[in-house]
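Novice: sequence and predicted structure below; questions after.
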Amino acid sequence: MHLRDLARDRHFRHGAGDMLAFGPGLAAWGLVTGVAMTQSGLGVGLSILMSLTVYAGSAQLASLPLLASGAPMWVVWASAFCVNLRFVIFSSQWRIHLGHLPRRHRLALGYLLADLNLIVFQKAWPDRDLHQTGQARYAAGGAAAVWTVWQVSSLVGILLSSLVPLSWGLGFAGTLSMLGIAYALLTDRIAWLAAIVSATAAVAAFALPLKLNILVAIAAAMAASLVMAKRAPPRERSS
Amino acid sequence: MTMVAAEMLPGWAYDAITILGMAAVTALSRGFFLWSKRDLRLPLALQRALQVAPLAAIVAVLAPEIVMTHGALIGTWRDARLPAALAATAFYAWRPGVLGPLLAGLAVYMPLHIGLGW
């Protein structure tokens, strides 16, 4: 399928449209990431390179203090991978929906799929064990929307960073937008349990290096949800 | 050998290579289970656990951002984040969404943070 046909595809447009509802929060977060990159001491050129190629907000932000302190490459890469380990988990979920594509397309599309893409995708296609027609095009539409909003806002943040001081606290806009996203995902008791366990574990294990507290929290939440699912098999999801 | 090579590079080139390596890390992690042609079936139990992973990841990033400062729980009520999160939560309870709670939270956060320095 040609890119031009893809842009006219119903599922592609649906995927892009669903994602644009999150545009303002995403743009605020991209703006702040752009500002943070430039103000950490990376020049404008390297900040643009990082935004366009790394394309992973949390890993970018986590790497900035390391780059500023002259940490070795492998330390930066290892910490970025730790922050990104959640994507390894997510990629096994994407496999169910994208496994039919040729490898080249799978990997290209996979590279573009961030946290928000999976969350919005799973709200649109609630049956997570099932491949359905149109899913890859829906995911591609979401990827195109997130990429565009993120890159434009990030570039604006980079270029305006001398005018937007971090002291305004715009970074908190990203946190607040994630709050709304998290609340939207609290669809049943298992989700509530997972959220409570995850929040508690992330705070309790905060002292771990390399942001490993995030992974500990995810693992704890998954284990807790497994135990709960075994005790009381979940009813059919309503959403 | 690599040390010498690294020292010979200008700083911007060293940083550029580091950044391109991070891009490779992004591609590797997001494509991890998309690489193989073989259908790696995960056990049903594990798949069920994976269903909560996105929420767990978001909350894991989120919680310390709201309740911690310098690696410890917030010890003062003069912190704009808690009232802002409460305002966003209250707004969500009234009108679910992302933008509304975000703006409600910022409306509380910005005056306290910029005005009072919380």
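Specialist: Looks like it came in fine. Numbers count the residues shown, from 1 in each chain, chains lettered A, B, ... in the order given.

Novice: grab the nearest non-local neighbour of residue 56.
Specialist: Here I'm looking at chain A. B:Thr26 (4.8 Å; Cβ to Cβ, 6 or more residues apart in numbering or on different chains). (Glycine included, C-beta is placed from N, CA and C.)

Novice: that was the other one, I meant chain B.
Specialist: That would be A:Ala221: by Cβ to Cβ, 6+ apart, it lies 3.6 Å from B:Ala56.

Novice: please name the residues that touch that neighbour.
Specialist: A:193-195, A:197-198, A:201, B:52-53, B:55-56, B:59-60 (Cβ atoms under 8 Å, 6 or more residues apart in numbering or on different chains).

Novice: kindly indicate which of the residues you listed lies nearest B:Trp12.
Specialist: Set against B:Trp12, the nearest of those by Cβ to Cβ is B:Ala60 (34.0 Å).

Novice: residues making contact with whichever strand or helix holds that closest one?
Specialist: Taking DSSP states H and E as the definition, B:Ala60 sits inside helix B:53-67. Helix B:53-67 is contacted by residues A:58, A:86, A:89-90, A:93, A:115, A:118-119, A:122, A:172, A:175, A:178-179, A:181-182, A:185-186, A:191, A:194-195, A:197-203, A:206, A:213-214, A:217-218, A:221-222, B:73-74, B:81-82, B:85 when judged by Cβ under 8 Å, 6+ apart.

Novice: now a PyMOL select for only the buried ones of the residues you listed.
Specialist: In PyMOL syntax, the buried subset of the contacts of helix B:53-67 is picked out as below (16 or more other Cβ atoms under 10 Å in any protein chain shown):
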select buried, (chain A and resi 58+86+89+90+93+115+118+119+122+172+175+178+179+181+182+185+191+194+195+197+198+199+200+201+202+203+206+213+214+217+218+221+222) or (chain B and resi 81+82+85)
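
Novice: now intersect the contacts of helix B:53-67 with the strands, please.
Specialist: B:Leu73 (DSSP state E).

Novice: mind listing which of the contacts of helix B:53-67 are in helices?
Specialist: Using DSSP state H, the members of the contacts of helix B:53-67 that fall in helices are A:58, A:86, A:89-90, A:93, A:115, A:118-119, A:122, A:172, A:175, A:178-179, A:181-182, A:191, A:194-195, A:197-203, A:213-214, A:217-218, A:221-222, B:81-82, B:85.

Novice: so A:Trp125 makes contact with A:His97?
Specialist: Yes. Using Cβ atoms under 8 Å, A:Trp125 is in contact with A:His97, at 7.2 Å.

Novice: which neighbours do these two share?
Specialist: With Cβ under 8 Å, 6+ apart, A:Trp125 and A:His97 have common neighbours A:132, A:135.

Novice: pick out whichever of the two has more residues nearby.
Specialist: A:His97 (21 against 17; other Cβ atoms under 10 Å in any protein chain shown).

Novice: how near is that one to chain B?
Specialist: 10 Å (Cβ to the nearest Cβ, to the nearest Å).

Novice: ok so, going back, looking at the helix or strand containing the residue nearest to A:Ala56 now, give me its mean pLDDT.
Specialist: Using DSSP H and E, B:Thr26 maps to helix B:11-30. Helix B:11-30 carries an average pLDDT of 94.

Novice: what is that helix packed up against?
Specialist: Counting contacts by 3 or more Cβ pairs under 8 Å, 6 or more residues apart in numbering or on different chains; DSSP states H and E, helix B:11-30 is packed against helix A:44-53, helix A:57-68, helix A:73-98, helix A:103-111.

Novice: what bits of chain A have low per-residue confidence?
Specialist: Chain A contains residues with pLDDT under 70 at A:1, A:65, A:69, A:82, A:162, A:164-166, A:169-171, A:174, A:210-211, A:232-239.

Novice: centroid-nearest residue for it?
Specialist: Centroid-nearest residue in chain A, with Cα atoms, centre = their mean: A:Asp115, separated by 2.4 Å.

Novice: surely it touches A:Arg86?
Specialist: Yes. Applying Cβ under 8 Å, one finds A:Asp115 in contact with A:Arg86, separated by 7.2 Å.

Novice: just give me the neighbour total for residue 95.
Specialist: By default, I'm working from chain A. 21.

Novice: oops, wrong one, chain B.
Specialist: B:Arg95: 10 neighbours (other Cβ under 10 Å).

Novice: now it: how far from A:Ala224?
Specialist: 30 Å (Cβ to Cβ, to the nearest Å).
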